[in-house]
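Trainee: no FASTA, just this:
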C-alpha cells in the first residue's frame, strides 16, 4: 500500500495515540507514527504538541526516519525555539557521522531552522562541514552560509565564514564552486556595498573551468557571476566569450539566456573589425531561434529578451525574419510580441515578405491583433522609405474591406505617413473622406480631422466635413476638440472668405463654453492671433512641421544598456529596471555595459542604421511616460542634458508661444481681417492686460532671472522640531530641521543630553530613501556630551545614496548611535530642499513640455489664506529655487508660470493664479504638471510652506 493512506485518516484523539506510537520500542512502529505526524502537518493540522516525542526519534541510524524528523523540526522550530535547542546535540553529532548524506542532511536542516538562539551553536558544525572531505557536504554547507547570513549577518562575518566561502571558489569540485558562487552572489545582493565577489583573472579562469562540468543551475550561477565581471581589455573579453560560447547549445533555456547575457555584455569591448566579432554574431542567432520552438510561455520570455537584443544589435537576427512570422495557434501575447520584433527587423531586403505577412494578419479574427498588424504596416512605411507606396496601397485595400476597426486603425497610420512623406500620397484623401461617418474612436476621428485641416485646400467640401464634427463638439473627447479647433483655424487661414462663421463658432465654443483649460487657452491664442496679426497667425499655424522619426518606441539607450545586463531575469520581461518593481530589503544595484574599446565604433553598424536616417544619426527616442518608479528612482539616467524633450506632434505645433513673443503687440490697433473681412476680437474681459511689453523688456527679465540660475540666498528653513524625545532614547533628545544653502543640503541637529551619564561616540546612518539622501560626512560631536548639555551640529547631506521608494515619498528613517545604544526615528523632509539651482526652464521649452505631459498628470490645489501679490510670491518662491518663467494677467488674475527641478532630474511645471487687490479672496490656485505625478502633492506642500512663512 502507498503512503497516501496516511492522509486519509480523520480520527479524533489522534494526538494521544501518536504520542504512544512515537515512544514505542519498535522501529517500524516509530517510523509509521512519524509518517502520520508529517501527513497531519502537511494537511495543516497542528501537531506541535508532539515536538519532544518527535525529537527523541532523531537518535536513529535509519536515514528515511531521520529525514522525516528533520522535516518536522524545520516546520516547528520557529514556534518552539526553547524545545528546538534540545536538537542541537544531535545536529553536532550528525555532522560527524561517517555517512556523508547524513552530514549534509544535518547541515542543510541547520540552515533552515531560523531561530536566533540556535544559530551560535551551529557555527562549529558548519565550519567542519565547509572543510569536509566529501564535496556533497561542502556544497550543502556553502548554501547554508548564505541562509545563516540572512538570519545573522554579523555572526557570519565574525566567524570568518565569508573567507571560507571565497576559498571554496577554488575548490576542485565544480558543484562546490557553483554553490559557493551562488551563496556569495546572494549575500552580495543584500549588501551591495560589500565587495564579496572580488573577481580577478585567476578566479575567472577557475569559474570557467568549473562551468563545463557542473549542473545546469550551477552553470547559471557561474554565468551570472561572470556577467558582473569587468575584463581589463578586449583580449580578456574575447577569451571569456570563446569559453562561454559552447553554453549556447545547452538544452536549458535559462543557461542559453545567461550565456547570451555574458556575450552581449562583453561584445561591447570587442572591435567590429575583428573576424571573431562577426563569428560571434553568427553564433548568437541559432540558439535564440531555437528558444522559439518551446512552449508559449517560454517563447514569450524569449521574445521579450530578443526584443531587447534586436534593439541593441539588430544585425544578429537580420536574416531570421521568418521565425517571427505568426502561427495560427500562437496565443495573443506571443503574436503581439512577434509582430513588434518583425517591425524592428524590417528592412529594404525583406519588406515585401513582411508586408505580405502583415496584410494576411489584418484579416484575422482577433481584434487586438488586427489593430496591431494595421499599425505595423504604417510603421513599416515610416521605417523603410522605399516601401511606403506599397504600404499605402495595402492600407487602401484594407480600408475597402469596410471593417470598422480596420478602417479606423488605417486612418490613424495614414496620418503618420502623411507626416513622414508630405505631398506624396495625398491622392488617397478622397477614399478616406468616404469613411468619415463610420469613425467612432477618438484617435481615428482626431486623425481624420487633422488630415482634413492639413489638406483643406485640396478638399472641396472641407468646411462641410469639419462642420459635421462641430455639431457634437461638447460630446467629443479633448483630443478631438483640440484637433478640430486647430483644423478649422487652418481652414480659415486657407479659405478666409468662406469659413468666417465656422471659425467664429468654434472659437466661441472653445473659449466660452468649455471647462478644459488647454482648449480654452488654445482658443484664446488663436483668437488673439487672428484678430491682431493674421500674417503671424499664418506663419504659426501653417508652419512647416518637422518630419516624424521612425522609431518612437525604442527603449531609452541608458535603460536599454541596463536591461541588457539583466537578460534572462524578470527585468528583461517587464522591460523595466529592477529598482522599478523590487521593493523591500534587497539593495538594487544599477548595472551598465562596459565602455567600448577605442578601436570599436558606434553601437550601430552602418548597414543596420535605420533606413531613411543617415548613418550615425540615431533615431529620437521618446521615453515611456507614467512610469513613476522608473522615472523617479532611476538615478543612473541623470537629469536631462538639455531640458525635457520638445514636443513635435501636430497638436503641439498648432500652438504658439503662450508666454510672449507673438502675443506682445496684442494691445495695438486692430488690423484689417484676412481677405478684407473684419475678424471679431474676443471678449474684452479676457484680454490680458500686461502683454504689451516690448520684446526684450518685461517677461524674460521679470525678476532679473536671465542667467537661469537662482540667487545665492538660501531657501526657507522650517523651525527645529523634536524628532526623538529623551524618554524614547535613554535621555538623548534630538531636534532638527533641513536647510538648503548655495546648492548644498544639510541637516541641522540639536542634541541634548537629559540623562545622568556622559554621551560619546556618536554616529548616524540613513535608511535607503526615495531621493538617495545620505550623510556626506560623519556626525562629529567634538567633545563628550555631559548631562544637561546641548550641542548644535550641521550635518552635510548628499543625494547619491541608495534609492528605495518610501511611503510617504519624503519619509527618512534615521539611526543614531552613541556609547549607550542605537536609537531609531523617522522624519519627513520638506521637498524644497531638493529643488536645484538650475531649475529655470526656457519659455519655449516650458510651453512644449506643458503640452507634452499628459493631462491626467495635472494636479490642482488651493493654497488658502495667502494674501500675497505676484511679485512677493514670485520672489519668495525664487529664493527656494522655484523659478518664474513668465507672468501674465487674464481676466484680472495674475498667472505665474513656474518651473523647478529636483535633484534626480525630474521637472515640475506650475501655474499659480493670484487675485491681486482683492482682500476678500486670498486663496491661490496652483496647477502642477509632472511626469512623476506622485511628487505633485509634496511640491504643493512645499509651495504652501514657502508662501505662508
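Mentor: Structure received. The structure displayed is predicted, hence computed values, not measured ones.
Trainee: for the rest of this, base every contact and every neighbour count on C-alpha atoms.
Mentor: OK.
Trainee: residue 934: neighbour count?
Mentor: The tally of other residues near residue 934 (other CA atoms under 10 Å) stands at 17.
Trainee: what separation is there between it and residue 283?
Mentor: 46 Å (CA to CA, to the nearest Å).
Trainee: try residue 15
Mentor: Taken as CA to CA, the span from residue 15 to residue 283 is 63 Å.
Trainee: also residue 319?
Mentor: Distance of residue 319 to residue 283, computed by CA to CA: 13 Å.
Trainee: more crowded one of the two?
Mentor: Using other CA under 10 Å, the more surrounded residue of residue 319 and residue 283 is residue 283, with 16 against 13.
Trainee: residue contacts, that one?
Mentor: Contacts for residue 283 (CA atoms under 8 Å, 6 or more residues apart in numbering) come out as residue 245.
Trainee: now for the helix or strand in which residue 74 is found, which elements pack on it?
Mentor: Element membership for residue 74 (DSSP states H and E) is helix 63-76. The elements that helix 63-76 packs onto, with contact taken as 3 or more CA pairs under 8 Å, 6 or more residues apart in numbering; DSSP states H and E, are helix 27-42, helix 51-56, helix 100-112.
Trainee: which residues sit against that helix?
Mentor: Taking CA under 8 Å, 6+ apart as the rule, helix 63-76 contacts 31, 34-35, 38, 48, 51, 54-55, 57-58, 60, 84, 102, 105, 109, 112-113.
Trainee: and it, what's buried?
Mentor: 65-70, 72-76 (16 or more other CA atoms under 10 Å).
Trainee: immediately after that helix, which helix or strand?
Mentor: helix 81-84.
Trainee: and that next one, what does it pack onto?
Mentor: Right, helix 81-84 is packed against no helix or strand by 3+ CA pairs under 8 Å, 6+ apart.
Trainee: what does the very next helix or strand once past that helix contact?
Mentor: The helix or strand immediately downstream of helix 81-84 is helix 88-94, counting by DSSP H and E. When contacts are defined by CA under 8 Å, 6+ apart, helix 88-94 is touched by residues 58-59, 102-103, 106-107, 110, 118, 121-122, 125.
Trainee: helix 88-94: which residues count as buried?
Mentor: Neighbour counts over helix 88-94 (16+ other CA under 10 Å) mark 88, 91-92, 94 as buried.
Trainee: between these, which is nearest residue 380?
Mentor: Distance to residue 380 across the buried residues of helix 88-94 (CA to CA) is lowest for residue 91, with 67.0 Å.
Trainee: what pLDDT is listed against the closest one?
Mentor: Per-residue pLDDT puts residue 91 at 77.
Trainee: in a markdown table: the buried residues of helix 63-76, plus pLDDT.
Mentor: As requested, the buried residues of helix 63-76 are exported to a markdown table (pLDDT from 0 to 100):
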| residue | pLDDT |
| --- | --- |
| 65 | 80 |
| 66 | 80 |
| 67 | 82 |
| 68 | 83 |
| 69 | 82 |
| 70 | 80 |
| 72 | 82 |
| 73 | 81 |
| 74 | 80 |
| 75 | 80 |
| 76 | 78 |
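Trainee: just the closest of those residues to residue 909, please.
Mentor: When the buried residues of helix 63-76 are ranked by distance to residue 909 (CA to CA), residue 75 comes first, at 55.2 Å.
Trainee: where's the closest one relative to residue 112, distance?
Mentor: 9 Å.
Trainee: what do you get for residue 581?
Mentor: Residue 581 is 28 Å from residue 112, by CA to CA.
Trainee: could you do residue 478 as well?
Mentor: According to CA to CA, residue 478 and residue 112 sit 59 Å apart.
Trainee: likewise for residue 173?
Mentor: Taking CA to CA, one finds residue 173 at 24 Å from residue 112.
Trainee: can you check residue 137 too?
Mentor: Using CA to CA, we find residue 137 at a distance of 15 Å from residue 112.
Trainee: more neighbours, those two?
Mentor: Each of residue 137 and residue 112 has its neighbours counted (other CA under 10 Å); residue 137 has more, 26 against 18.
Trainee: residue 98 is in contact with that one, correct?
Mentor: No: between residue 137 and residue 98 there is no contact under CA atoms under 8 Å: 11.6 Å.
Trainee: secondary structure element for residue 377?
Mentor: Using DSSP H and E, residue 377 falls in helix 367-383.
Trainee: quick one: name whatever helix or strand follows that helix.
Mentor: Using DSSP H and E, the helix or strand that follows helix 367-383 towards the C-terminus is helix 388-400.
Trainee: on that earlier part again, against which helices or strands is the helix holding residue 377 packed?
Mentor: Secondary-structure packing of helix 367-383 (3+ CA pairs under 8 Å, 6+ apart): helix 332-345, helix 351-361, helix 388-400, helix 404-420.
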